[in-house]
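[1] Need coordinates for the below:
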Amino acid sequence: MKKPSDPFAKIRSATNEHRAQHGCTAYPYDDGPLLSALAATAHARRILELGTALGYTALSFAYGAPDSTVDTIDRDEEHVQLARDNIAAATFDHRITVHHGEFAKVLSTLDPGYDVAFFDGGTPMPTLHAGLRGLLRTGGLLITANLNHGGAADTVYKALFDARRKVRATLVAHGQLAEPAGRTA
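    Numbering: from 1, shown residues only. A predicted model of the protein is given here:
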């Protein structure tokens, strides 16, 4: 099966080049068209992303869900500016807001009701994932990358699927199955 074309492939490549030059942590997600398809399938109107880098995934989400708005957060001031420039050049700046700051601090200022939340901000942290879950609407989609970083899969799983709470979010994990062996939601 042929992989769909990626309208933001140049930004993905620019992100990889930027990381190589600066030695920073700007890693673009592997498959922007997949994120576009997930946003479209979820009929997303509001999308939240942790880990903007240079704007590749925020653009992919917005492209897939043309009636959506995207809030994306990054703490690196240079990445925030480069992302804003890339988003403006792609004429999505009226739909994508790039927030500069620490994830937890910015999350605390946002209103709940997101349809899709995406974590791609380094090693997953249970408190951040629980915060994302809390900002999702019932039945919202939580996508997380990097579960294999730092052995965080089990602790993130426990934060999201605490037996005392009903599961209100779907988890799609990149790099590891959503439900560790022997667990059920």
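
[2] buried residues in the longest strand seen in the chain?
    Counting by DSSP state E, the longest strand found in the chain is strand 136-144. Neighbour-count burial for strand 136-144, counted by 16 or more other C-beta atoms under 10 Å, picks out Leu136, Gly140, Leu141, Leu142, Ile143, Thr144. Backbone N, C-alpha and C define where each C-beta goes, glycine included.

[3] now the strands for this structure?
    For the chain, applying DSSP E gives strands covering 46-50, 69-74, 96-100, 114-119, 136-144, 169-173.

[4] so how far is the fifth one off the chain centroid?
    Going by C-alpha atoms, centre = their mean, to the nearest Å, the spacing between the C-alpha centre of strand 136-144 and its chain's C-alpha centre is 11 Å.

[5] what helices or strands is it leaning on?
    Counting contacts by 3 or more C-beta pairs under 8 Å, 6 or more residues apart in numbering; DSSP states H and E, strand 136-144 is packed against helix 32-41, strand 114-119, helix 126-135, strand 169-173.

[6] hang on, the earlier thing: what angle sits between the longest strand of the chain and helix 32-41?
    Going by axes from the mean of the first three to the mean of the last three C-alpha atoms, to 10 degrees, strand 136-144 is angled at 160 degrees with respect to helix 32-41.

[7] List the strands paired with strand 136-144, with their directions.
    strand 114-119 (parallel), strand 169-173 (parallel) (DSSP bridges).

[8] sorry, back to before: please identify the deepest-packed of the strands of the chain.
    strand 46-50 (a mean of 28; mean count of other C-beta atoms under 10 Å).

[9] which residues are in contact with it?
    The contact list for strand 46-50 (C-beta atoms under 8 Å, 6 or more residues apart in numbering) reads 39, 57-58, 61-62, 65, 68-73, 103, 107, 110, 113-121, 128, 132, 135.

[10] give the contact list for the nearest residue in space to Gly131 that is not next to it in sequence.
    The shortest distance from Gly131 to any non-neighbouring residue, by C-beta to C-beta, 6 or more residues apart in numbering, is to Leu107 (4.8 Å). Shown in contact with Leu107 (C-beta under 8 Å, 6+ apart): Leu50, Ile73, Leu128, Gly131, Leu132, Leu135.

[11] Minimum pLDDT in those residues, which residue is that?
    Across the contacts of Leu107, the bottom pLDDT score, 84, is held by Leu128.

[12] Let me know whether that one touches Ala117 as I believe.
    No - Leu128 is beyond contact range of Ala117, at 10.1 Å (criterion: C-beta atoms under 8 Å).

[13] Could you report the separation of Ile87 from Leu59?
    Note on Ile87: its distance to Leu59, by C-beta to C-beta, to the nearest Å, is 6 Å.

[14] Residues that sit against both of the two, list them.
    With C-beta under 8 Å, 6+ apart, Ile87 and Leu59 have common neighbours Ile96.

[15] Make JSON lines from the helices and strands packed on strand 136-144 and add distance to Thr97 to it.
    What follows is those, written out as JSON lines (distance: least, C-beta to C-beta, whole Å):
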{"stretch": "helix 32-41", "distance to Thr97": "16"}
{"stretch": "strand 114-119", "distance to Thr97": "13"}
{"stretch": "helix 126-135", "distance to Thr97": "14"}
{"stretch": "strand 169-173", "distance to Thr97": "22"}
